[in-house]
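Enquirer: predicted model and sequence follow; I will ask about them next.
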Amino acid sequence: MKTHRMLIVLGLFASFSCSSSQYIYRSPNRLDYVRLAKAKGAEKEGLRHPHRFEPDKIREVLRSIRFNKKALIQREVMEEHLFEERHIEFLTPYLIEAFQKATADQVVVASYFTQRRKWGLTDDRLTIFRAYLKEDGFHLRFEKLYAKMLGDRTTKGTERVIHEARGMRVSLEVQPGQDRISWDPEELVIHLDSRPKTQKETKGDHEDDEEVQKTKVKIKTVRERLKELERMKEEELITEKEYQKKRKELLREL
């Protein structure tokens with residue numbers, strides 16, 4: 001009997017250890033975490049895991065997620081970006097590690113909560129998303145998007161508070177290089193080959209534009225001078241020989 005009980009305990013411990021090993025990070029409050037989970041439904045097809053991301057790429061993806069302008073106007077949110085800079089810096093290393101450890105049938109799940117005060121009252125918010133990489137880009141599927149947390153975690157328990165966290169009709173604004181896959185739950189795909197240009201690249205574009213404008217002005221000037229040269233010839237102000245010579249000189253400038 002004792003042996004049987006011991007086997008049960010060991011089995012439960014092994015099961016718990018296996019489950020726990022899926023967590024890349026879990027805070028003491030159990031609200032902030034990054035873990036691996038089995039892919040489900042449409043997530044399963046064509047996953048490109050494991051994958052090694054550079055830190056700046058993860059930061060770039062997270063910074064590109066923005067609230068709908070309507071939410072800002074109605075003061076449902078106070079910031080344009082879903083992820084504050086401190087959240088980005090917190091999540092980035094754990095997401096990188098998770099994607100490196102993910103197998104071809106796993107996705108990355110991340111949760112974090114934001115402690116705020118609004119009009120002197122507690123206004124805690126919870127965001128939970130599933131992230132995975134496919135051929136078309138980096139997918140973010142939000143199970144809870146800036147959901148309002150109700151009740152006291154001490155009396156109700158963390159799991160219940162998470163379950164009861166309510167979405168407040170806040171949606172995301174699709175940015176260049178993104179597509180919306182679904183509204184409920186909200187899912188975006190970020191095309192990794194589409195990114196905002198760096199200051200250096202933007203400067204290069206401006207320089208190219210300036211060169212194009214200079215060329216256009218030069219062509220216009222030469223054309224005007226050719227017309228003027230033609231007029232002078234017609235009015236016999238210059239000879240045919242002078243006309244041909246000047247014309248060749250102007251054409252060479254093009």
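Expert: Nice, I can see it.

Enquirer: surely L82 touches R66?
Expert: Yes. Using Cβ atoms under 8 Å, L82 is in contact with R66, at 6.7 Å. Backbone N, C-alpha and C define where each C-beta goes, glycine included.

Enquirer: mutual contacts of those two, please.
Expert: Common contacts of L82 and R66 (Cβ atoms under 8 Å, 6 or more residues apart in numbering): L172.

Enquirer: settle it for me: which of those two has more neighbours?
Expert: Between L82 and R66, counted using other Cβ atoms under 10 Å, L82 has the larger neighbour count: 23 against 19.

Enquirer: from E249, how far out is the more buried one?
Expert: 62 Å (Cβ to Cβ, to the nearest Å).

Enquirer: what of V189?
Expert: According to Cβ to Cβ, V189 and E249 sit 57 Å apart.

Enquirer: of those two, which one has the most company?
Expert: Each of V189 and E249 has its neighbours counted (other Cβ under 10 Å); V189 has more, 19 against 11.

Enquirer: and that one, what are its phi and psi?
Expert: Backbone torsions of V189, given as degrees, to the nearest 10, read phi -120, psi 130.

Enquirer: list the contacts for it?
Expert: K134, D136, G137, F138, H139, L140, Q178, D179, I181.

Enquirer: beta partners of it?
Expert: Partner residues in beta bridges with V189, using DSSP bridges, are H139, D179.

Enquirer: in PDB, list the C-alpha atoms belonging to stretch 221-232.
Expert: The C-alpha trace of stretch 221-232 is given here as PDB (Å, rounded to 0.1, in the frame of the first residue of the first chain):
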ATOM      1  CA  THR A 221      16.900  73.700 -68.400                       C
ATOM      2  CA  VAL A 222      18.600  72.000 -71.400                       C
ATOM      3  CA  ARG A 223      15.300  71.600 -73.200                       C
ATOM      4  CA  GLU A 224      14.500  75.300 -72.700                       C
ATOM      5  CA  ARG A 225      18.000  76.200 -74.100                       C
ATOM      6  CA  LEU A 226      17.400  74.000 -77.100                       C
ATOM      7  CA  LYS A 227      14.200  75.700 -77.800                       C
ATOM      8  CA  GLU A 228      15.900  79.100 -77.500                       C
ATOM      9  CA  LEU A 229      18.600  77.900 -79.800                       C
ATOM     10  CA  GLU A 230      16.000  76.800 -82.300                       C
ATOM     11  CA  ARG A 231      14.400  80.200 -82.200                       C
ATOM     12  CA  MET A 232      17.700  81.900 -82.700                       C
END
